[in-house]
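K.L.:
model the structure of this input:
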Amino acid sequence: GAPAAFGSGEPYLRVVGLKVGMDTDGKGSLARFTAEEEEHFRAMARSGDIRERIVKSIAPSICGRDDVKAAVACLLFSGTRKRLNDGMHLRGDVNVLLLGD
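P.N.:
Residues are numbered from 1 along each chain as shown. Purely as a prediction, here's the structure:
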């Protein structure tokens, strides 16, 4: 049979929900984006360097350690569940353990 697909190899961003601030009842409110902001997000998604830009924006005062910063980005954006051709399910959870002194 055909080999199982593990992903498209194309970066993408899917936001399930974004909490902004706290309402008076203690619940977070969902963000509302303007059409201009949504177009800005689409333009960023179309750019070829979005992954590098996100990684560079994490702890910019710490030089290097791009592998650690990429892992943190993965945590922030999480993963997606995948169902392979053979019916196997892969979790979308991303787990990272950071240790330091």
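K.L.:
count of residues packed around Lys69?
P.N.:
18 (other C-beta atoms under 10 Å). Heads up, the C-betas are built off the backbone N, CA and C, glycines and all.
K.L.:
wait, it touches Cys63, no?
P.N.:
No: using C-beta atoms under 8 Å, Lys69 is not in contact with Cys63, being 10.7 Å away.
K.L.:
low-confidence bits of this structure, can you list those?
P.N.:
Applying pLDDT under 70 to the chain picks out residues 1-31, 78-79, 94, 96, 100-101.
K.L.:
50 instead, please
P.N.:
Along the chain, the model assigns pLDDT under 50 to residues 1-6.
K.L.:
can you give me the helices for it?
P.N.:
According to DSSP state H, the chain carries its helices in the segments 35-46, 50-57, 66-77.
K.L.:
C-alpha coordinates for the second one, CSV please?
P.N.:
Taking C-alpha atoms only, helix 50-57 is exported to CSV below (Å, rounded to 0.1, in the frame of the first residue of the first chain):
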residue,chain,number,x,y,z
ILE,A,50,7.2,32.7,9.6
ARG,A,51,8.8,29.8,11.6
GLU,A,52,12.1,31.6,11.9
ARG,A,53,10.4,34.9,12.8
ILE,A,54,8.4,33.1,15.6
VAL,A,55,11.6,31.4,16.9
LYS,A,56,13.5,34.6,16.9
SER,A,57,10.7,36.4,18.8
